[in-house]
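[1] for reference, the sequence and a predicted model appear below.
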Amino acid sequence: MHNFKELIVWQKSVDLAVDTYKITRHFPHEERFGLTQQINRSAVSIPSNIADGAGRNNPKEFNNFLGIAYGSSCELETQLIIAHRIEILNNQGFDVLNVELNNIQKMIYRLQQSINQK
């Protein structure tokens with residue numbers, strides 16, 4: 001259906017996943033199997049589901065996978081808020097990731113709207 005690598009939302013979400021890995025690298029060691037792992041999994045899930053959906057031959061399936069990617073973005077947003085509130089994610093890291101994430105959420109929503117209009 002789509003070459004997922006050409007989708008800007010996929011490119012941006014890969015960048016976000018890389019950024020989360022870089023930031024969580026500095027989380028306390030005891031969080032390695034807690035928030036660190038959850039944050040990284042959620043972040044990776046976003047571009048993975050976009051790619052999976054783009055590889056389908058059906059716009060309805062693509063839209064469904066975009067919905068899953070959006071859900072993963074909400075999960076990531078929640079985890080970042082928690083990490084920030086318990087002070088293992090500083091203001092700067094939170095702000096950077098949150099801005100990226102909000103832009104990706106808007107892009108996913110607009111892409112879903114575009115698919116639904118066809």
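    Good, I have the coordinates. Everything numeric here is computed off the predicted structure, so don't read it as measured data.

[2] please enumerate the helices of the protein.
    With DSSP state H as the criterion, the chain has helices at 8-24, 35-54, 59-85, 91-117.

[3] just the ones you listed: most buried one?
    The highest mean neighbour count among the helices of the chain belongs to helix 35-54 (a mean of 22), with neighbours defined as mean count of other CB atoms under 10 Å. (C-beta placed from N, C-alpha, C; glycine too.)

[4] and that one, what does it pack against?
    The helices and strands touching helix 35-54, judged by 3 or more CB pairs under 8 Å, 6 or more residues apart in numbering; DSSP states H and E, are helix 8-24, helix 59-85.

[5] E100: which of these is closest?
    Nearest to E100 among these is helix 8-24 (4.8 Å), distances taken as CB to CB.

[6] now the angle from that closest one to helix 35-54?
    With axes from the mean of the first three to the mean of the last three CA atoms, to 10 degrees applied, the angle from helix 8-24 to helix 35-54 works out at 170 degrees.

[7] for G93, find the nearest of the helices and strands packed on helix 35-54.
    Proximity to G93, assessed across those by CB to CB, is greatest for helix 8-24 (4.8 Å).

[8] circling back to that earlier point, okay if I get the helices and strands packed on helix 35-54 as TSV plus mean pLDDT and distance to R110?
    Output for those, formatted as TSV (pLDDT from 0 to 100; distance: least, CB to CB, whole Å):
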stretch	mean pLDDT	distance to R110
helix 8-24	97	9
helix 59-85	97	10
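
[9] could you export these as a markdown table, including distance to T36?
    Output for these, formatted as a markdown table (distance: least, CB to CB, whole Å):
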| stretch | distance to T36 |
| --- | --- |
| helix 8-24 | 5 |
| helix 59-85 | 9 |
